[in-house]
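> have a look; sequence and predicted model below, questions after that.
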Amino acid sequence: MKRRIALLGSTGSIGTQTLQVIEQHSDLYQVVVLTARKNAALLVEQARKYKPQVVVIGDHSKYKWVKEQLQKYNIQVCCGEEALAQVVTIKEIDVVVVALVGFSGLLPTMKAIEAGKTIALANKETLVVAGDLIMELARKKNVSVLPIDSEHSAIFQCLAGEKTQFVDKVILTASGGPFRGKDVEFLRKVTRCQALNHPNWKMGDKITIDSATLMNKGFEAIEAKWLFDIQPEQIEIVVHPQSIVHSLVMFCDGSIKAQLGLPDMRLPIQYALSYPERLENNWPRFNFSEYPSLTFEKADVKVFRNLALAFEAMHKGGNMPCIVNAANEVAVDAFLKSKIGFVQMSHIIEQTMFKASFVENPDFTDYLESDKEARVLAAEMVGK
Ligand SMILES: NC(=O)C1=CN([C@@H]2O[C@H](COP(=O)(O)OP(=O)(O)OC[C@H]3O[C@@H](n4cnc5c(N)ncnc54)[C@H](OP(=O)(O)O)[C@@H]3O)[C@@H](O)[C@H]2O)C=CC1
Ligand SMILES: CC(=O)[C@@H](O)[C@H](O)COP(=O)(O)O
Ligand SMILES: [Mn+2]
């Protein structure tokens, strides 16, 4: 029987690549749900091709148009945030791929776990915000949370057949982004366009900016902590500009395992969908002759402040990573709209961490409130 997939965020970078994986293995996978926020045209095109049971369009103003476009197709059309959280519970779904951006992934992921669905998680912000609640719920419901993020897929692959107790440390690789080696003076003048020019990966705008500030790597450290049940002290970052070694695990005997491959998100997506099996494909492969040197260097946390701030939040715990995520979403959005400069993003995040109310043992409601409070505080600073 085919694995039945709900794809949340089907019109984005991970979403469209997930559909490529599904197309490559159409004998194994079937699309049951597709969702988008505002890209109605692509959602309709995808729905006509993959014929899901349900589509969800986030933007209410596009609902009527999507419904009209799909009226001959026997596809249910829903709209809005509540629909996104409800659609993951339908009984025909086996796997929910969460390819939404930011905080928007949290509630649908929780609902999907509550409904007992396997989670293939790209949306790292869900674990940054409430990794404790997500992983606890997954344990309670006996649900697997399979990583799509390339570094976490690498670690997951390195850990296959190993016991967590023998892990000494997890080493996350970072490309260093488009501004690797630059100083703060340089960063003050960088443009939106320069920041969106990632050296190795073609991704959505939000994560591309996070890669440029290295916040992405800080978030990935928090994501690793929750996914692999490890301590912050066990997590290291190393800059690897070629993005071929996707991450490494060092064990208690000093032995290191790494996972390598070309920077192509279809690989970790396919691994999450096919786990515990592996599937063949016809995509380009890594060849040593094309990469005569793989290099590694230290991350500069003085220049790339966001990485230090994310680590500070991870060590502090409680709702602090949730606060950082909210402030970062506001700051990245303001940078993308050219309201603030690149370096101001760190300033806004740091000040929000300082001003927002700290909660040591937050529950779900605390996370919702912290997210709101931090957004207001960060937005005030954007306004100034
Ligand atoms: N892209 C990559 O290679 C990688 C991404 N990730 C993570 O995966 C997630 C997705 O990233 P990416 O695919 O790049 O992002 P994109 O911006 O390319 O796509 C996001 C998708 O989610 C939808 N969406 C965005 N915001 C909302 C919202 N508030 N409510 C409902 N739907 C929404 C978008 O719809 P619409 O198109 O209509 O706006 C789109 O379908 C992120 O958390 C990112 O950090 C992790 C590793 C690699
Ligand atoms: C593809 C992927 O997993 C991204 O999260 C990637 O890691 C971004 O590159 P950086 O290493 O520059 O953050
Ligand atoms: Mn990553």
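Perfect, thanks for sending it. What you are looking at is a predicted structure, and each value in this text was computed from that prediction instead of being measured. Ligands and ions are numbered 1, 2, ... in the order given.

> for the closest residue to ligand 1 within the chain, grab the count of nearby residues.
Proximity to ligand 1, evaluated over the chain using C-beta to the nearest ligand atom, is greatest for residue 12 at 1.8 Å. For every residue, glycine as well, the C-beta is placed using N, CA and C. Neighbourhood size, residue 12 [other C-beta atoms under 10 Å]: 24.

> what number of residues lie near whatever residue of the stretch 1-150 of the chain ends up closest to ligand 2?
Using C-beta to the nearest ligand atom, the closest approach of the stretch 1-150 of the chain to ligand 2 is made by residue 150 at 3.4 Å. By other C-beta under 10 Å, 23 other residues sit near residue 150.

> quick one: contacts for it?
For residue 150, the contact set (C-beta atoms under 8 Å, 6 or more residues apart in numbering) comprises 246, 247, 263, 265, 267, 268.

> and if we set it to 10 Å?
Residues counted as contacts of residue 150 (C-beta atoms under 10 Å, 6 or more residues apart in numbering) are 122, 173, 201, 220, 243, 246-247, 259, 261, 263-265, 267-269.

> next: residue 2.
If you count contacts by C-beta under 10 Å, 6+ apart, then residue 2 has 22, 25, 26, 27, 28, 29, 30, 31, 32, 94 around it.

> return the subset of these lying in helices.
Residues of these located in helices (DSSP state H): residue 22.

> how about the contacts of residue 2 in CSV, adding distance to residue 289, neighbour count and pLDDT?
As requested, the contacts of residue 2 are arranged in CSV below (distance: C-beta to C-beta, whole Å; neighbours: other C-beta atoms under 10 Å; pLDDT from 0 to 100):
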residue, distance to residue 289, neighbour count, pLDDT
22, 32, 22, 98
25, 29, 16, 97
26, 34, 11, 97
27, 34, 7, 98
28, 33, 15, 98
29, 34, 23, 98
30, 39, 18, 98
31, 38, 25, 98
32, 43, 24, 98
94, 41, 16, 98
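
> mind putting the contacts of residue 2 into a markdown table with distance to ligand 3?
A markdown table is the format used below for these (distance: C-beta to the ion, whole Å):
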| residue | distance to ligand 3 |
| --- | --- |
| 22 | 21 |
| 25 | 23 |
| 26 | 27 |
| 27 | 29 |
| 28 | 25 |
| 29 | 23 |
| 30 | 27 |
| 31 | 24 |
| 32 | 27 |
| 94 | 25 |
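
> with distance to residue 361 added, can I get the contacts of residue 2 in JSON lines?
Putting the contacts of residue 2 into JSON lines (distance: C-beta to C-beta, whole Å) gives the following:
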{"residue": "22", "distance to residue 361": "40"}
{"residue": "25", "distance to residue 361": "43"}
{"residue": "26", "distance to residue 361": "46"}
{"residue": "27", "distance to residue 361": "47"}
{"residue": "28", "distance to residue 361": "42"}
{"residue": "29", "distance to residue 361": "40"}
{"residue": "30", "distance to residue 361": "41"}
{"residue": "31", "distance to residue 361": "39"}
{"residue": "32", "distance to residue 361": "37"}
{"residue": "94", "distance to residue 361": "34"}
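
> check contacts around the closest residue to ligand 3 within the chain.
Residue of the chain nearest ligand 3, by C-beta to the ion: residue 149 (4.3 Å). By C-beta under 10 Å, 6+ apart, the contact list for residue 149 reads 14, 121-124, 127, 155-156, 172, 207, 216, 219-220, 223-224, 227, 246-247, 265, 268, 272.

> could you look up the SS state of residue 96?
Of the three states, residue 96 takes strand under DSSP: H, G, I helix; E, B strand; the rest coil.

> for the stretch 151-300 of the chain, what spans make up the strands?
All strands of the stretch 151-300 of the chain, identified by DSSP state E, counting those that start in this stretch, fall at 167-174, 235-239, 245-251, 256-260.

> so can I have TSV of these showing distance to residue 330?
TSV is the format used below for the strands of the stretch 151-300 of the chain (distance: least, C-beta to C-beta, whole Å):
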stretch	distance to residue 330
strand 167-174	23
strand 235-239	24
strand 245-251	29
strand 256-260	34
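
> in strands, which of the contacts of residue 2 fall?
If you go by DSSP state E, the contacts of residue 2 have 29, 30, 31, 32 in strands.

> hmm, the second one is touching residue 273, no?
This means residue 30. No. With contact defined as C-beta atoms under 10 Å, residue 30 does not reach residue 273; the gap is 11.6 Å.

> now for those two: what residues contact both?
3, 5, 22.

> export these to a markdown table and tack on distance to residue 366?
Putting the shared contacts of residue 30 and residue 273 into a markdown table (distance: C-beta to C-beta, whole Å) gives the following:
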| residue | distance to residue 366 |
| --- | --- |
| 3 | 35 |
| 5 | 32 |
| 22 | 37 |
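
> and ligand 2, which of those reach it?
By C-beta under 6 Å from any ligand atom, no member of the shared contacts of residue 30 and residue 273 lies near ligand 2.

> let me know the closest of those to residue 114.
Taking C-beta to C-beta as the measure, residue 114 sits nearest to residue 5 out of the shared contacts of residue 30 and residue 273, at 18.3 Å.

> mind checking the SS state of that closest one?
Relying on three-state DSSP, one would call residue 5 strand.

> contact partners for it?
With C-beta under 10 Å, 6+ apart, residue 5 has these contacts: 18-19, 21-22, 29-34, 50, 52, 93-97, 117-118, 120, 273.
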